[in-house]
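Peer 1: Sequence plus the predicted model coming up.
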Amino acid sequence: MHEVYAYGVVAPSTLIEVSDGYPPEGGYAELRAIHRSFGGEAAGSAYVLARLGIPARLGGTKLARGPSSDWVVETLSAVGVDCRDLALDDGAEVEEYVVSSGGEPTIFATYGRMLGERRWEAPDRSALSDSSMVCLDPFFGEESQVAAAWCRSDGVPYVTVDVAPDDQIAHHAEAVVISRDFTDRIFGAVDPAELFEAYANSCHGLVALTRGSDGTWFGRAGGPPRQVPAFSVDVVDTAGAGDSFRAGLMRGLLRRDPDDEAIRSATAVAAMVCATSPGVLRSPTESELEAFLASGAD
């Protein structure tokens, strides 16, 4: 049985680590390592949840038959993610290549093709209604809206990411996690306090604005924003940090932790993932997270 139903993006991924920074166009960079991995917000969150001991069931993107997709399913299944809803077909592959130089990753992917060709399955209502919480990506148009509506009608809370404050998915979410990459791309360089006010005025649940090394702004409607600083770690790879934060936050919400404790735990999970490579594949177990939180790390 699963505790969380994750619905959203899944993709085979290749992580390419380079030395001495990302090169300019026409330049050269020395390869440090190449890793097989997977991308997609729902996939990353489901994997991290499973590593934390929270059973997850995953559905969403259609995967192309082949060794890359087989590896993704096998890797997710190995940590306990229920992948029965991941459809494999003969369509075009959704994939990504992530180039990391120790800082922000540069991503090359076919997510535009995924959206254009609508390469995803509809959500499974029975899997959704049998969940304690839903991990919902907002990127699948009508299907994501339907999943959110089912959550409301079936009384299942959901946590979403990177969606506009006036979107109905954000409005009804138990928590909405908004990354700096998303807000910079959509709104430009807006003050976090203004962003928080825009989301808090529209969203019924917890609002978390993740700001990378600048920590997280969070709070709820009717109250002022609060801040939790980022943990200081030696960053190896930031790929998967957002997925890990959402998984850590969902852990806290499922435990009914106070908001500040849930956000601090989510920040810790993301920090621990950033200190490893590749991506979320070495995300912490519950005991490792508890030890990190108890260590006095800051």
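Peer 2: Sure, I can see it.

Peer 1: Tell me the pLDDT of the residue nearest the centre of the chain.
Peer 2: Central residue of the chain (C-alpha atoms, centre = their mean): Asp243, 2.2 Å from the mean position. On the pLDDT scale, Asp243 is placed at 96.

Peer 1: Tell me the secondary structure of it, please.
Peer 2: Of the three states, Asp243 takes helix under DSSP: H, G, I helix; E, B strand; the rest coil.

Peer 1: Pro12 contacts Val72, doesn't it?
Peer 2: Yes. Look at Pro12 against Val72 with C-beta atoms under 8 Å: they come within range, at 5.2 Å. (Glycine included, C-beta is placed from N, CA and C.)

Peer 1: and for those two, which residues touch both?
Peer 2: Both Pro12 and Val72 are contacted by 38, 63, under the criterion C-beta atoms under 8 Å, 6 or more residues apart in numbering.

Peer 1: circling back to that earlier point, who's in contact with the residue nearest to the centre of the chain?
Peer 2: Asp243 neighbours (C-beta under 8 Å, 6+ apart): 41, 43-45, 47-48, 280.

Peer 1: among those, which are in strands?
Peer 2: With strands taken from DSSP state E, there is no overlap with these.

Peer 1: Could you name the specific helix or strand carrying the residue lying closest to Leu281 once chain neighbours are set aside?
Peer 2: Nearest non-adjacent residue to Leu281, counting by C-beta to C-beta, 6 or more residues apart in numbering: Ser37, 6.2 Å away. For Ser37, the element it lies in under DSSP states H and E is strand 31-39.

Peer 1: Report all helices and strands that that strand contacts.
Peer 2: For strand 31-39, the packing partners by 3 or more C-beta pairs under 8 Å, 6 or more residues apart in numbering; DSSP states H and E come out as strand 11-18, helix 67-78, strand 96-100.

Peer 1: For Phe108, find the nearest of the ones you listed.
Peer 2: strand 96-100 (4.5 Å; C-beta to C-beta).

Peer 1: Pull out the buried residues from the closest one.
Peer 2: Going by neighbour count (16 or more other C-beta atoms under 10 Å), the buried part of strand 96-100 is 96-100.
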